[in-house]
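1. Mind folding the following:
(chains A and B)
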Amino acid sequence: GQNIDQPTEMTATEGAIVQINCTYQTSGFNGLFWYQQHAGEAPTFLSYNVLDGLEEKGRFSSFLSRSKGYSYLLLKELQMKDSASYLCAVRVFSGGYNKLIFGAGTRLAVHP
Amino acid sequence: DAGITQSPRHKVTETGTPVTLRCHQTENHRYMYWYRQDPGHGLRLIHYSYGVKDTDKGEVSDGYSVSRSKTEDFLLTLESATSSQTSVYFCAISDPAGGYNEQFFGPGTRLTVL
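-> The predicted structure is shown next:
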């Protein structure tokens, strides 16, 4: 089966750093995505990893270890607008096409 | 932002009635997807399409059907709505030839089945 785990909720302070972890057990791994979703809105693409290592994009970084089935999203210099849910999604190749398997999401609350 | 619209944005209906949700894109992306999002479950794939008239089932397809007669439109139909289909429905598109082949999501449709 396909399984993706991430913490349900996290809290952090404005200006701080937070790390959101994601572990996965899937077949046919073909990349890992992080999406941000504000309450009542659509998910928006944040980052993509397919090789081991760290990908940095401004205040956001994402790390992947394929051998450990593990990824994290690192958010630096937190701002109030970063309060949102963060979705980890693994792309698998199944039935001849790529599909995304999503975790349940981590709801991050940033407080002053 | 990718040009994706969904209609209606909100709908309240009664058990047993048919419901059709529409997804419309202006990006000419080949792949289109329908997901539902429920608390504690994340996004789950209902059906997807990899071209006009080419569709296939996702992990939670029971009770749903889809049609794609044009590149830009992907319709999701609940033949006889049930309360368990109360959810937020998202459409997504992707281009297998573009970038990371990431999916872009529409604004969502909140469906309540009474």
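
2. tell me the contacts of the residue nearest to A:Asn3 when sequence neighbours are not counted?
-> Setting aside the residues directly before and after it, A:Asn3 is nearest to A:Gln25 in space (C-beta to C-beta, 6 or more residues apart in numbering or on different chains), at 4.6 Å. Backbone N, C-alpha and C define where each C-beta goes, glycine included. Residues near A:Gln25 by C-beta atoms under 8 Å, 6 or more residues apart in numbering or on different chains: A:1-4, A:69.

3. Around chain B, which positions in chain A sit nearby?
-> A:4, A:31, A:33, A:41-45, A:48, A:87, A:89, A:91, A:95, A:97-100, A:102-105 (C-beta under 8 Å from any C-beta of the partner chain).

4. residues contacting the residue nearest to B:Glu79 when sequence neighbours are not counted?
-> Of all residues beyond its chain neighbours, the one nearest B:Glu79 is B:Pro18 (5.8 Å), with distances taken as C-beta to C-beta, 6+ apart. Residues in contact with B:Pro18 (C-beta under 8 Å, 6+ apart) are B:77-81.

5. Out of the residues you listed, who's the most crowded?
-> When neighbours are counted as other C-beta atoms under 10 Å in any protein chain shown, the busiest of the contacts of B:Pro18 turns out to be B:Ala81, with 22 neighbours.

6. Was I right to think it contacts B:Leu21?
-> No - no contact is recorded between B:Ala81 and B:Leu21 when judged using C-beta atoms under 8 Å, the distance being 11.0 Å.

7. shared neighbours of those two, which are they?
-> A shared contact of B:Ala81 and B:Leu21, defined by C-beta under 8 Å, 6+ apart, is any residue touching both; here these are B:Leu111.

8. Do a quick rundown of the strands in the chain.
-> I'll assume chain A. A:3-5, A:9-13, A:18-25, A:29-37, A:44-49, A:53-57, A:60-65, A:70-75, A:84-94, A:97-102, A:106-111 (DSSP state E).

9. my question was about chain B
-> Defined through DSSP E, the strands belonging to chain B, from first to last, are B:4-7, B:10-13, B:19-25, B:31-38, B:42-51, B:54-57, B:64-70, B:73-78, B:87-94, B:104-105, B:109-113.
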